[in-house]
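**Student:** Here is a sequence with its predicted model. Questions after.
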Number of protein chains: 2
Amino acid sequence: MTKETKRVHSAAETQTSDASGHGGDARPSGPGGTAGSLEPLQSLVAEDLKRVNDIIVEKMHSPVALIPQLAGHIVAAGGKRLRPMLTLASARLCEAGAGREFALAACVEFIHTATLLHDDVVDDSRLRRGLETANAVWGNKASVLVGDFLFSRAFQLMVADGSLVVLKVLSDASATIAEGEVHQLLTANDLATDETAYLEVIEAKTAALFAAACEIGAVVADRSEAEQAALRRFGLNFGNAFQLVDDILDYSAEQQALGKTIGDDFREGKITLPLVLAYARGSEEERQFWRRCVEDLEQGDGDLKHAIALMDRHGALEESKQRARTYATRAVEDLSGFPDNPARHALLQAIDFCVDRLY
Amino acid sequence: MTKETKRVHSAAETQTSDASGHGGDARPSGPGGTAGSLEPLQSLVAEDLKRVNDIIVEKMHSPVALIPQLAGHIVAAGGKRLRPMLTLASARLCEAGAGREFALAACVEFIHTATLLHDDVVDDSRLRRGLETANAVWGNKASVLVGDFLFSRAFQLMVADGSLVVLKVLSDASATIAEGEVHQLLTANDLATDETAYLEVIEAKTAALFAAACEIGAVVADRSEAEQAALRRFGLNFGNAFQLVDDILDYSAEQQALGKTIGDDFREGKITLPLVLAYARGSEEERQFWRRCVEDLEQGDGDLKHAIALMDRHGALEESKQRARTYATRAVEDLSGFPDNPARHALLQAIDFCVDRLY
């Protein structure tokens, strides 16, 4: 499963926003009824995010100099901070006023960063967002141990916040993420993996932290359990849509035409929904192709192109897109009970931005 | 730093107790004034430890079957459970009555186990206590991720206990351990490492968890901050003595005569106190020897024997032993304010057992 390059972890976090965010262009509007854009979310929390970044820099300090060096490398390369932005926007949506969300958004980012460090070790990745990974620069050992440090630091920050509810939300999410990562490891190169297993993996490894990030916004605002649960569901559905889109784009000829690297999952033999569906619907001859490429990792020129053609033939990419839209639609509905304010608008546009990338 | 075998993590946890524990033999008594033995500690907490083990087995469960498999492998191979025993004995010493120590002792063991899993990945270890390591059986990836799971699980257990004080103690300890591990990584193969750096490393990577394990016993008993601090200091001094002894025994001709594997630290180029002292006191010719063996890792037959001879010549082993005894003596003093009950007696004998191994 070694690979020399790895595509950006999440295209949504690096792709330059090109939508005006005001629905004035010709593209179809998304489930949220807007032409998607991350810009409203970024504008909404820009000042808050600066405070979060200050906390991140302050709290990754250690007398052991390699820790801030290595952590700084990955934090700096860490994209647009989607997860802490979700915490900040959720707190805004719930009109939280005490400022607790800043440190907790930093916790969320620390947990995410620790996961990335360990992911890159597990995947033997050498590149992330076009930069060398921390393990490529400092070795796997340092990445494992600094990941542990950031994870511990996140819990220290939560303890300083002092809420057992937050601690429960994020310790549960952390355990679920680790379970999801192990589960994903077991499904790798295994074509017996079905759609249920795939959905369990993405819900655990990705959506659980989106859910926690959003729920915390309601917790720090002392909102009702129903509102906490609604934001939690919103994050879960958003996270599932987000990961599905990421997995679909790895087989996107359009992305390739835009100059993006695609096919990383295929080269690793990672089991994602387009592959699950194409394999399930394939002829015996096609299944032999999939087994050679995915289980035996014997791949040659043209195999990725053929894989995409098979996915197209069986409607696997289209059905996966539909699934992503379904999650996005559910996420939109999860916000229906909240007042129509700028935070809600920004979150809806972020969802639409996520699924717009498919079209 | 790759090595094919690794000695048992801590000889104290596997060595069969051979002392009667009643001071009736001819050996010198230790700093605690007893002929050391782990037996009184083991007897004292035997029933409690069964409950802890039940919690460990229950809480390492996951629907992802590899998690309990892998975790069960290392937990089963995990020796005598010294750290949770310290929590249980400290709780007894403080007459804790609510039974909170059982789950928290399991937390301590989970954190320790997560650290071992990551340590074995970092050290490329193939054997631990004579059994294959988890990474040797299931690979580094699974070990990293299951370690993350156990670590998260520990925090879930703490949250269920509900004490922010405990959460602070153990999240601080976890961050310190990770810092110590990174620091140790930086000192490896680096003869510029001095005694101060060495002592910082062992206090962080080993003694911090001993300290937390003991402090928790006072916390669950609602004892005063002074008593919490005394037990914390006790654990810190015990842990430092414990690690020093472990590091000294790796160069012990007596251990070798008993059939134990020695020299693992030397083969890895790990910087421990005997080596720091021998290098500091060595002639230029000797320093060349150390640089070749430790920095360049160019070692041949007879080099370990020569290393031990140089340590003996400069009194490096003897002075390291003296340092271990000093920490042990401090640990004994830390218990002086507690009543003379079976728990205190058991802890004193455990300290003496620790340093007795040197003679």
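**Tutor:** Cool, got the structure.

**Student:** Would you mind measuring from residue A:41 to residue A:235?
**Tutor:** As judged by C-beta to C-beta, to the nearest Å, residue A:41 and residue A:235 stand 14 Å apart. To be clear about C-beta, it is placed using only N, CA and C from the backbone, and glycine gets the same treatment.

**Student:** Quick check: which ranges of chain A have low pLDDT?
**Tutor:** A:1-29, A:34, A:78 (pLDDT under 70).

**Student:** one more time with 80, if that's ok
**Tutor:** Counting by pLDDT under 80, the ranges of chain A that qualify are A:1-35, A:77-79, A:123-130, A:258-260.

**Student:** so where do the strands sit in the stretch 101-250 of chain A?
**Tutor:** A:127-128, A:131-132 (DSSP state E, counting those that start in this stretch).

**Student:** Now do the first one: distance to the chain's middle.
**Tutor:** In terms of C-alpha atoms, centre = their mean, to the nearest Å, the gap separating the centre of strand A:127-128 from the centre of its chain is 15 Å.

**Student:** Stretch A:41-56 now?
**Tutor:** 19 Å.

**Student:** Next secondary structure after the helix or strand that contains residue A:40?
**Tutor:** Using DSSP states H and E, residue A:40 falls within helix A:39-59. Later in the chain than helix A:39-59, the nearest helix or strand by DSSP H and E is helix A:66-76.

**Student:** The nearest residue to residue A:263 once chain neighbours are set aside and residue A:244, how far apart?
**Tutor:** Closest residue to residue A:263 apart from its sequence neighbours, by C-beta to C-beta, 6 or more residues apart in numbering or on different chains: residue A:304 at 4.3 Å. Going from residue A:304 to residue A:244 by C-beta to C-beta gives 20 Å.

**Student:** okay, the two: which has more neighbours?
**Tutor:** Set residue A:304 next to residue A:244 and count neighbours by other C-beta atoms under 10 Å in any protein chain shown: residue A:244 wins out with 30 against 18.

**Student:** that older thread, could the strands of the stretch 101-250 of chain A be laid out in CSV, adding mean neighbour count and distance to residue A:348?
**Tutor:** Converted to CSV, the strands of the stretch 101-250 of chain A look like this (neighbours: other C-beta atoms under 10 Å in any protein chain shown; distance: least, C-beta to C-beta, whole Å):
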stretch, mean neighbour count, distance to residue A:348
strand A:127-128, 22, 29
strand A:131-132, 14, 32
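
**Student:** Out of the ones you listed, which is closest to chain B?
**Tutor:** Nearest to chain B, of all those, is strand A:127-128, at 16.9 Å by C-beta to the nearest C-beta.

**Student:** Parallel or antiparallel, list what pairs with that closest one.
**Tutor:** In the sheet, strand A:127-128 lines up against strand A:131-132 (antiparallel) (DSSP bridges).

**Student:** if we look at the strand it pairs with, which residues are touching it?
**Tutor:** Residues from elsewhere that reach strand A:131-132 (C-beta atoms under 8 Å, 6 or more residues apart in numbering or on different chains): A:73, A:77, A:126.

**Student:** Format those as JSON lines; extra columns: distance to chain B and neighbour count.
**Tutor:** Output for the contacts of strand A:131-132, formatted as JSON lines (distance: C-beta to the nearest C-beta, whole Å; neighbours: other C-beta atoms under 10 Å in any protein chain shown):
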{"residue": "A:73", "distance to chain B": "14", "neighbour count": "19"}
{"residue": "A:77", "distance to chain B": "19", "neighbour count": "19"}
{"residue": "A:126", "distance to chain B": "16", "neighbour count": "16"}
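
**Student:** Which residues are in contact with residue A:342?
**Tutor:** Here residue A:342 is in contact with A:40, A:44, A:92 (C-beta under 8 Å, 6+ apart).

**Student:** So which of these is the closest to chain B?
**Tutor:** Distances from chain B to the contacts of residue A:342, taken by C-beta to the nearest C-beta, are shortest for residue A:92, at 26.6 Å.

**Student:** okay, now the closest one: neighbour count?
**Tutor:** With neighbours defined by other C-beta under 10 Å, the count for residue A:92 comes to 21.

**Student:** for residue A:321, same thing?
**Tutor:** The burial count for residue A:321: 20, using other C-beta under 10 Å.

**Student:** residue ranges of the helices in the stretch 251-359 of chain A, please?
**Tutor:** Ranges of helices in the stretch 251-359 of chain A, per DSSP state H, counting those that start in this stretch, are A:253-257, A:264-268, A:273-280, A:284-290, A:303-313, A:316-334, A:342-356.

**Student:** OK, now which residue of the stretch 251-359 of chain A is nearest to chain B?
**Tutor:** Counting by C-beta to the nearest C-beta, the stretch 251-359 of chain A gets nearest to chain B through residue A:268 (12.2 Å).

**Student:** my guess is that residue contacts residue A:187, does it?
**Tutor:** No: checked against C-beta atoms under 8 Å, the pair residue A:268 and residue A:187 is beyond contact range at 11.6 Å.
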